[in-house]
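Asker: Below are the sequence and a predicted model; questions follow.
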Amino acid sequence: MSETSAGGDRPPVTVIGLGSMGSALAGAFLAAGHPVTVWNRTPEKAGALVERGAVRAATVAGAVAASPLVVVCVLDYAAVHRLLGPVGGSLAGRTVVNLTNGTPRQARETAALVTGHGAEYLDGGIMAVPPLIGTPHALVLYSGSPGAFEEHRRTLRVLGTAEHLGADPGLAPLHDLALLTGMYGMFAGVLHATALVRSAGVGARDLAPMLASWLKTMVDAELPRLAERVDSGVYGGDVGSPLAMQAAAFDNFLRAGEEQGVRPDLIVPLKALMDRRVADGHGDEDLAGIVELLTARPARPAGRHAS
């Protein structure tokens, strides 16, 4: 079913799932002038959207049948299967965009379910909080059918910047979780740093500007270099701060925490990996080599947009 089959510049969209994120998605489509059909397990959640012009479907099958583009955003992939499995006959000719958070394997399994009923499938990762949906600050990652993405690109861009990562449906959730992992790792360090200064009566707001500036400098200067080392697998050579030196200095982080009454839980795992890498004979190499303890390096880096 063509995106423009309904006529005009604003094709209809269905949104299934009206939690905080699903409601934000439906609201963004409405604000952009799209006819929007919504369905939620608890119908009352659709009230505010209906007042804005959305149509509340009585059933999942009715919601699917209402639009060529069906956006699903529910609690988990098990819920996606419970909702779409029984209405498979209604999916043919449509594009399902699943913006539910999950894993690459779950995305591929869901793609098989949807395409098995004659529909196109896109999986997605939303790199934004609900208030940012519909603004330039929102990024939504997609993977799956390249043709479906091109057909519906204009509509999907209503939600924010739309980036297609490749034909493998698992790529969007993989990148989503990778980016979130980086975020949580950073905030783990931030929380430990905050606990350290609080132990001396320094407020978190006093530390925040200095810490933000330092982290930005490290990200801008070190992340490209780290990425190059990881992709090449060459961790030696021109190393400014050898791993053995960093591992020895890391002991001071643990001592300082003990002295200040700050638990080391958030940083001990990194120390253990540093020590193991040094013990394996890589003390003269770069910190980036720790990645070899986490996963086997592929023969060549996979292309980010491989399809």
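Answerer: Okay, I see it.
Asker: quick one: pLDDT of residue 9?
Answerer: Note for residue 9: predicted pLDDT of 85.
Asker: Now the residue nearest the centre of the chain: closest residue in space that isn't a chain neighbour?
Answerer: The structure's the chain has its C-alpha centroid closest to residue 176; by Cα atoms, centre = their mean the separation is 2.1 Å. In this structure, residue 176 finds its nearest non-sequential neighbour in residue 125, 2.7 Å apart by Cβ to Cβ, 6 or more residues apart in numbering. All C-beta spots, glycine's among them, are computed from the backbone N, C-alpha and C.
Asker: got it, and residue 105?
Answerer: That would be residue 170: by Cβ to Cβ, 6+ apart, it lies 6.9 Å from residue 105.
Asker: which residues are in contact with the helix or strand where residue 26 lies?
Answerer: Assigned by DSSP states H and E, residue 26 belongs to helix 20-31. Residues from elsewhere that reach helix 20-31 (Cβ atoms under 8 Å, 6 or more residues apart in numbering): 13, 15-16, 18, 36, 38, 40, 45, 48-49, 52-54, 71, 73-74, 99, 126, 130-131, 133-134, 155, 158-159.
Asker: and the gap between the residue lying farthest from the centre of the chain and residue 194?
Answerer: Distance from the C-alpha centroid of the chain, by Cα atoms, centre = their mean, peaks at residue 259 (37.7 Å). Here the criterion is Cβ to Cβ, to the nearest Å. By it, residue 259 lies 17 Å from residue 194.
Asker: can you pull the contacts of residue 128?
Answerer: 137, 138, 139, 140, 160.
Asker: Equivalent analysis for residue 74, please.
Answerer: Counted by Cβ under 8 Å, 6+ apart, residue 74 has contacts 16, 17, 19, 22, 80, 83, 100.
Asker: Just the buried subset of the residues you listed, please.
Answerer: 16, 17, 22, 80, 83, 100 (16 or more other Cβ atoms under 10 Å).
Asker: from those, which ones fall inside strands?
Answerer: Residues of the buried ones among the contacts of residue 74 located in strands (DSSP state E): residue 16.
Asker: any weak-confidence spans in this protein?
Answerer: Scanning the chain for pLDDT under 70 picks out the ranges 1-8, 297-307.
Asker: Let's see that with 50 instead.
Answerer: 1-7, 300, 305-307 (pLDDT under 50).
Asker: Domain boundaries for the chain, per the record?
Answerer: 13-166, 199-294 (automatic domain parsing).
Asker: gap between the two ends of the shortest one?
Answerer: Terminal residues of domain 199-294 are spaced 33 Å apart (Cα to Cα, to the nearest Å).
Asker: again with stretch 87-94
Answerer: Using Cα to Cα, the two ends of stretch 87-94 sit 12 Å apart.
Asker: Could I get the buried residue list for that stretch?
Answerer: 87, 88, 90, 91, 94.
Asker: And the contacts of it?
Answerer: Contacts of stretch 87-94 (Cβ under 8 Å, 6+ apart): 1, 60-61, 64-65, 67-70, 84, 113-114, 116-120.
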